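# Make a model of this:
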Amino acid sequence: MSSSKKQVSSLHEKAGISPPEITNISAISQIQKNRKKQPSAEELIRGILDGNRTALSRAITLVESTNPDHTEKANEVIKGCLPYSTKSIRIGITGVPGVGKSTFIEAFGKFLTALNKKVAVLAVDPSSSLSHGSILGDKTRMEELVKDDNAFIRPSASGDTLGGVARKTRETIILCEAAGFDTIIIETVGVGQSETAVHSMVDFFLLLKISGAGDELQGIKRGIMEMADAIVINKADGDNIKKANQAKLEFNRALHLFPPKKSNWQPKVTTCSAITKDGISEIWETISDYFEMTNNTGYFQEKRKDQNHFWMMETINEQLKHSFYSQPEIISALEQNKKAVQNDEISPFAAAKELLKLYFSKETK
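Numbering: from 1, shown residues only. As a prediction, this is how the structure comes out:
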């Protein structure tokens, strides 16, 4: 190699392509105009009632937004959809991570769409307490169901509070029902108190389990088991079939220790495989039997009324909390009282009383 030849660094950057000197100003202006254009509440309502997925998705985004302007518009959309929102069944599904919820919901959803049911899946993903982010990967895990014309999948982040996720999910249910979905499935992650919130907005609560987890009789699971209208032992295939049947016996024995449900329904325990689809149809038969019984006794309608009242009270609590923490005077006083409490200059109870007194004095002016 000639020593006179200049050596080029491996980090050398080649000259790029120069941008065109002429740009279409009118095209750019049109794109910017279309981006700013948002459908009105009336347009969204018409779109939802016509089954338009884009209108439904936009309305759900409004519901999930914390922007006050969006909240007002979302309330208008919900009010317009409310008269069309009582013609569905609502099923809550929970289970610990690894139990196969997404695979089960996809198999169950495909079974329902084959029966000409219109299925909406609302997946509640937990938000990180540190980064406040969520994975929202349910659409990725339900590859077949997401392509089904009779299915709609919407993952949502839980946010900072259970009240927040509950309100957003509750209102999303209304929008999906108005869009013509007759079966609403709500999935929770199964590791916290969100199950209680979801239980208060569904008609049927299904608990997914796996065999060999060692929790058949653990008292810590009692709360969730008492809420369940059915327990399904998933992954009952291959070498797990025998273990799944044994777990079924154990859970049946455990359920007989619980007091009778207000609905007089005796929870059922079944096994299934979301991979082979064995047991899926039997689960739907169990759910259908439940709805037939509770409709005949009037419990179904009574439960819906109780849930509406419950959510009215929850909404009041959530709005009061939001109003309290959004007041500039409260924000400033809260910081001062926090330091005083940490330094033992004032008790937590006295500080809370002062802050509430300040808040109500501002509200009455």
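# for the stretch 251-365 of the chain, what spans make up the strands?
Shown for the stretch 251-365 of the chain, the strands assigned by DSSP state E, counting those that start in this stretch span residues 268-271.
# Tell me where it has helices.
For the stretch 251-365 of the chain, applying DSSP state H, counting those that start in this stretch gives helices covering 280-297, 299-325, 328-342, 348-363.
# Send over the third one as PDB, restricted to the C-alpha atoms.
Provided in PDB are the C-alpha atoms of helix 328-342 (Å, rounded to 0.1, in the frame of the first residue of the first chain):
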ATOM      1  CA  PRO A 328     -52.700  25.100  43.900                       C
ATOM      2  CA  GLU A 329     -53.100  26.100  47.500                       C
ATOM      3  CA  ILE A 330     -53.400  22.500  48.600                       C
ATOM      4  CA  ILE A 331     -50.300  21.500  46.600                       C
ATOM      5  CA  SER A 332     -48.300  24.300  48.400                       C
ATOM      6  CA  ALA A 333     -49.700  23.500  51.800                       C
ATOM      7  CA  LEU A 334     -49.300  19.800  51.400                       C
ATOM      8  CA  GLU A 335     -45.600  20.200  50.800                       C
ATOM      9  CA  GLN A 336     -45.200  22.300  53.900                       C
ATOM     10  CA  ASN A 337     -47.200  19.900  56.100                       C
ATOM     11  CA  LYS A 338     -45.300  16.900  54.700                       C
ATOM     12  CA  LYS A 339     -42.000  18.300  56.000                       C
ATOM     13  CA  ALA A 340     -43.600  19.200  59.300                       C
ATOM     14  CA  VAL A 341     -45.000  15.700  59.700                       C
ATOM     15  CA  GLN A 342     -41.600  14.100  58.800                       C
END
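# Now find how far off-centre it is within its chain.
Counting by C-alpha atoms, centre = their mean, to the nearest Å, helix 328-342 is centred 33 Å from the centre of its parent chain.
# Show me the contact partners of it.
The contact list for helix 328-342 (C-beta atoms under 8 Å, 6 or more residues apart in numbering) reads 324-325, 346-348, 351, 354-355, 358-359, 362. C-beta here means a position set from N, CA and C on the backbone, and glycine is covered the same way.
# at 6 Å what do you get?
Applying C-beta atoms under 6 Å, 6 or more residues apart in numbering, the contact partners of helix 328-342 are 346, 348, 351, 355, 358-359.
# ok, now stretch 114-123?
Here stretch 114-123 has contacts from 109, 112-113, 138, 150-155, 169, 172, 176, 180-187, using C-beta under 6 Å, 6+ apart.
# cutoff 7 Å now
105, 109, 112-113, 138, 150-156, 169, 172, 176, 180-187 (C-beta atoms under 7 Å, 6 or more residues apart in numbering).
# Sort out for me which of those are in strands.
The strands, defined by DSSP state E, take in 151-156, 183-187 from the contacts of stretch 114-123.
# Show me where the stretch 51-200 of the chain dips below the pLDDT cut-off.
Applying pLDDT under 70 to the stretch 51-200 of the chain picks out residues 125-141, 157-167, 189-195.
# Mind jotting down where the helices sit in it?
Under DSSP H, counting those that start in this stretch, the stretch 51-200 of the chain gives helices at 53-64, 68-81, 101-114, 138-141, 143-146, 162-178, 194-199.
# Filter the contacts of stretch 114-123 down to the buried ones.
Among the contacts of stretch 114-123, those classed as buried by 16 or more other C-beta atoms under 10 Å are 105, 109, 112-113, 138, 150-156, 169, 172, 176, 180-187.
# Great, nothing more from me.
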